[in-house]
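**Q** No letters, just coordinates:
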């Protein structure tokens, strides 16, 4: 086992022919996450004690990978060569795998356990995700004595946002502003305001065009109202699509059939480390692993989901396909 930048990798030699299979789940969780305590409820759910997230996103994936490998090896079942990658920083726009040295990975196919729902679902497509920050600089003035001498940065920002189309741009592109802040006191015309948002699209070129329109709108509006504006953008992850005919999908479908699971193939509008895997030439899909209401203190999972998820991992690594 190696540890680099808090990313753990393991290689396990197998007995079956074929290239290694990569299994991955991330180690970080969203906040509040300090002092997590799991509680098994009478209704069969595993929930947090109530003050934090449970962390099933993505501890359920970690557990299923480890248990699937352990039970397969202890039962003496032959398996393919296995590579395991447990990164951090996934919740921060997959920053952990963004700095990982992929020359260390031999696998060309991957299963990333990092999606809500009971085991049996796989996402074959995910969007590009681009973030932006708009920073407006106006001019401060006393709000009571001389408001006309100020340039109201919050007003300028509101005009910029008013000219934008939020939500669905079309059937494969969405845009959102999730943060806005500005001003310092009610008696001062605010001199600064900042907002932050994101664009997601299954078409990377279209996402870039939306960012260009955002910057153009911000510049034109600020100039018209006498303010200065700075727009910073960043590509956090790039879209991909895995075809149903590819071996990584066919092996998953066969494993589900062998276990009597209903195989459901879909696309997701969420990102994962798989975006970086595909970017580096690894054909991966994202598997549901029994996590529900993630990113909230109401997050939960079921023991039976983790059991079936572990069995699915065991079937994937022991398949001779």
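**A** The structure has been received and is ready for your questions. Since the structure is predicted, the reported quantities are computational estimates derived from the model, not experimental observations.
**Q** roughly how far out does stretch 47-65 sit from the chain middle?
**A** 16 Å (C-alpha atoms, centre = their mean, to the nearest Å).
**Q** Ends of it, what's the gap?
**A** 20 Å (C-alpha to C-alpha, to the nearest Å).
**Q** Repeat that for stretch 117-133.
**A** 33 Å.
**Q** can you give me the helices in the stretch 1-150 of the chain?
**A** Here the stretch 1-150 of the chain has its helices, by DSSP state H, counting those that start in this stretch, at 56-74, 95-98.
**Q** Export the ones you listed as JSON lines, with columns for mean pLDDT and distance to residue 316.
**A** C-beta here means a position set from N, CA and C on the backbone, and glycine is covered the same way. As requested, the helices of the stretch 1-150 of the chain are exported to JSON lines (pLDDT from 0 to 100; distance: least, C-beta to C-beta, whole Å):
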{"stretch": "helix 56-74", "mean pLDDT": "97", "distance to residue 316": "8"}
{"stretch": "helix 95-98", "mean pLDDT": "95", "distance to residue 316": "20"}
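**Q** export the ones you listed to CSV and tack on distance to residue 318?
**A** Listed next are the helices of the stretch 1-150 of the chain as CSV, based on distance: least, C-beta to C-beta, whole Å:
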stretch, distance to residue 318
helix 56-74, 6
helix 95-98, 26
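**Q** Make a markdown table out of those and add mean neighbour count.
**A** Shown next, in a markdown table, are the helices of the stretch 1-150 of the chain (neighbours: other C-beta atoms under 10 Å):
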| stretch | mean neighbour count |
| --- | --- |
| helix 56-74 | 22 |
| helix 95-98 | 20 |
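**Q** The ones you listed: which one's closest to residue 167?
**A** helix 56-74 (24.5 Å; C-beta to C-beta).
**Q** looking just at contacts, which helices and strands does that closest one meet?
**A** Applying 3 or more C-beta pairs under 8 Å, 6 or more residues apart in numbering; DSSP states H and E, one finds that helix 56-74 contacts strand 21-24, strand 82-86, strand 109-115, strand 300-301, helix 303-318.
**Q** Good, we can wrap up now.
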